[in-house]
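# sharing a sequence plus its predicted fold:
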Amino acid sequence: MRKKGRKALALGISLLLATVSMGCSNGQQADNLEEMPEKDTNNSPPNLMGDKDFLALIEKLNPRLDESTIENIALTIEKYSSQYQVPTNLIISVIAAESEFHPKLLGALDDTGLMQIRLKYASYWAEMMGIEAPKTQKELLDIDTNIHMGTFILKRLLDRYNGNMELVLVAYNAGETYVDKKIKTAQSLPTRYIKRVSNFHMELCNVPVATALEY
């Protein structure tokens, strides 16, 4: 072995011994790597912002809606879809049918916002949800409040009617009392609203809304 080779080998051994004596073994290095914090994904854009069908539907219904508001809506839908285990595309389809993605829409009565929640019943729903009730339509127009309450209502109706989407949608649109009366008297349900929601659902994923819970 040449002198330079012996010197390099000696230097390498010295560095290795110094590393071991400092308590920095390979195993400890691996442990330290495992302790490193994971990448923060809180600021990642919502998955829906990469869904071309979702974005195309909004562009068709409300082309003036700005990107920041769209992202806020998408984030809120995903949050409460996950919390209440209500399909994302069902929430989107109901919003499309109710307000066509106009966050400040006020209906003929006191129907309010994206999911057209009635202010008259907001305190009732808020009590069930364990949250502070919006006192004005302005408060109910808040995107998070509105989608939170609308998704909670959908979840409650899905549980009450055992996932029967026709009953769920008519009850969301016309009320549980109306649906219960139709069931009791064996009358057929109106189909206009069901078809409207289903059409939007088909645009999103090419699947009838009746089978939304299967996807």
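Sure, I can see it.

# any stretches of this protein with poor pLDDT?
1-42, 215 (pLDDT under 70).

# now the helices for it?
Taking DSSP state H to define them, one finds helices in the chain at 3-21, 26-35, 52-61, 67-84, 88-99, 119-129, 137-140, 143-160, 165-174, 176-184, 192-205.

# wait, which of the ones you listed is closest to G113?
Smallest distance to G113 across the helices of the chain (C-beta to C-beta): 3.9 Å, for helix 143-160. Yep, even glycine has a C-beta here, placed from its N, CA and C like the rest.

# what angle separates the closest one from helix 88-99?
110 degrees (axes from the mean of the first three to the mean of the last three C-alpha atoms, to 10 degrees).

# same for helix 143-160, what does it pack against?
Here helix 143-160 touches helix 67-84, helix 88-99, strand 117-118, helix 119-129, helix 137-140, helix 165-174, going by 3 or more C-beta pairs under 8 Å, 6 or more residues apart in numbering; DSSP states H and E.

# please identify the most buried of those.
Of those, the one with the most neighbours on average (mean count of other C-beta atoms under 10 Å) is helix 88-99, at a mean of 24.

# tell me which strands and helices it is in contact with?
helix 52-61, helix 67-84, helix 143-160, helix 192-205.

# reformat these as TSV; add distance to S93.
Below are the helices and strands packed on helix 88-99 laid out as TSV (distance: least, C-beta to C-beta, whole Å):
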stretch	distance to S93
helix 52-61	9
helix 67-84	11
helix 143-160	10
helix 192-205	4
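
# and among these, the most buried is which?
Most buried of those, by mean neighbour count (mean count of other C-beta under 10 Å): helix 143-160, with a mean of 21.

# which residue packs closest to the residue nearest in space to the middle of the chain, ignoring adjacent ones?
What sits nearest the mean C-alpha location of the chain, by C-alpha atoms, centre = their mean, is E78, with 1.4 Å. Among residues not flanking E78 along the chain, P46 sits closest, at 5.2 Å (C-beta to C-beta, 6 or more residues apart in numbering).
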